[in-house]
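S.K.: whatever this is, show me its structure:
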Amino acid sequence: MENKFSLILKSIETNSQNEAQNHAQIQAQIQSQIQSSNEIKSYAQAAADGAQIQESSSQTLEQKKQQKQQEKQQEKELAKQKYREKRLIIQVDKKVAENFNSYQLRNQINDRFFTEENINLPVIATVTKSFTSQSIILTTMPDFSADFLLQKKTIWENIFSNVTHKIEKDTHWSKIVVHEVPIEPFSMDEGLSLLKEEIETYNPEIKLLKRPIWLSSQDKRQANKHASILIAVENARQAQLAIEKRLCIAGNWLIAEKCKENIAQKQCQNCQKYGHSTRACFGQSICQLCAERHKTFEHKCNICNTQGQNCPHTIVKCSNCGENHAANSSICGFYNAEKRSYKYAQNLQKTQQQQQQLQQQNSNSFHVLIDNTNRQW
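M.R.: Modelled structure (predicted):
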């Protein structure tokens, strides 16, 4: 009996050990699966973390790039502001601005400061005319400013006393486009001056720095009742006020918006070409009406004495395409920015062909001359 009982106990112990081993193996397998799943999860997290770090890095680079651009823009604006602080604008007649001598006028002003204020250093650096030929611009040396010139105005003012309309500092101004302005009430010769007075009278918060400008050509305005204008106000606050509240013009509230310049579409009013502003142009002046080499405002009809404007006697010609319309006409092939490069390429090819033909003609003429010398008479 005892032997049987011992065998039974041994059998039970063996089974228990086997079960314990199996349980331990199962636990080890479960632990291994948990560890491997944790490893897989950590790899996924690492990949996600890497993607987040890369995205964060790219965002940081983009932010730094934008910050640098903003800093450069601020530096440019600061440099422009410092430059404007040295400029004084003297509005005069066009004839005066066209014919004055920069060298003599600069020395004359500096001599006044030397004799009356005992200032040995030059005060004025340059004396130039504006691109519209309606103003003379005095630019001071670095140690002086436009405010100094205004404080000492009694010293040099009488040099311009007979020709000066207005003296003012060179201030930054904001440009606004106003749409649906009625054309007929302001279509006469002094229409833009009347329009300026209209805007300032019925919009007391707004002060224009110059007369408005029609954004469409005279030919196009003749066929329409309304058109858009460009106005220049003193500061950004006035511009924002006009945009938010609209402008009262000719008995209506008209929409105003910030002027968005497109340099590709911009046409120079000096040389009539596209892609740069009038202020940045130093090329030959070309008339917008007849394509001759003079400024548009100098265009004059010898029959009816109309000046600076189109009249029935004007032989209109575009300086860009050579067709019978004004250089700023919307029917011109150069007016469309998409077609302009093709037109310029056509003109360039045509010019090259003409040069080749001329060279060939000169070469043929030379050969004929050689043949004549070899001929026996």
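
S.K.: who are the packing partners of the strand or helix carrying Q104?
M.R.: Secondary structure from DSSP states H and E places Q104 in helix 102-117. Secondary-structure packing of helix 102-117 (3 or more CB pairs under 8 Å, 6 or more residues apart in numbering; DSSP states H and E): strand 124-129, helix 153-156. Just so you know, the C-beta spots here come from the backbone N, C-alpha and C atoms, and that holds for glycine as well.

S.K.: buried ones in it?
M.R.: Buried residues in helix 102-117, counted by 16 or more other CB atoms under 10 Å: 105-106, 109-110, 112-113.

S.K.: got it, and stretch 165-181?
M.R.: For stretch 165-181, a neighbour-count test (16+ other CB under 10 Å) marks 167, 170, 173-174, 176-178, 181 as buried.

S.K.: biggest separation within those, which pair?
M.R.: Greatest spatial distance among the buried residues of stretch 165-181 (CB to CB): I167 and V181, at 30.5 Å.

S.K.: closest one to I213 out of the buried residues of helix 102-117, please.
M.R.: Distance to I213 across those (CB to CB) is lowest for L105, with 29.2 Å.

S.K.: got the contact list for the helix holding Q104?
M.R.: With CB atoms under 8 Å, 6 or more residues apart in numbering as the test, helix 102-117 has contacts from 119-120, 122-128, 136, 138, 152, 155-156, 159.

S.K.: going through those residues, which ones are buried?
M.R.: Buried subset of those (neighbour count, 16+ other CB under 10 Å): 119, 122-124, 127, 136, 138, 152, 155-156.

S.K.: among the residues you listed, which two are most distant?
M.R.: The distance between the two most remote of the buried ones among the contacts of helix 102-117 (CB to CB) is 21.1 Å, for I119 and I136.

S.K.: follow-up on the earlier one: let's have the buried ones among the contacts of helix 102-117 in TSV, adding distance to N224 and pLDDT.
M.R.: Below are the buried ones among the contacts of helix 102-117 laid out as TSV (distance: CB to CB, whole Å; pLDDT from 0 to 100):
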residue	distance to N224	pLDDT
I119	56	91
P122	53	93
V123	50	93
I124	47	94
V127	42	91
I136	37	87
L138	42	92
K152	50	91
I155	51	91
W156	47	90
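
S.K.: which one of the residues you listed is nearest V163?
M.R.: Nearest to V163 among these, with distances taken as CB to CB, is I136, at 8.9 Å.

S.K.: what helix or strand is the closest residue to C259 other than its chain neighbours located in?
M.R.: Once flanking residues are discounted, C259 sits nearest to K175: 3.8 Å by CB to CB, 6 or more residues apart in numbering. Assigned by DSSP H and E, K175 belongs to strand 174-182.

S.K.: ok now whichever helix or strand comes after that strand, how far from the chain's centre?
M.R.: Going down the chain from strand 174-182, the next helix or strand is helix 191-202, by DSSP H and E. How far helix 191-202 lies from its chain's middle: 26 Å, per CA atoms, centre = their mean, to the nearest Å.

S.K.: contact partners for C271?
M.R.: Per CB under 8 Å, 6+ apart, neighbours of C271: 281, 283-286.
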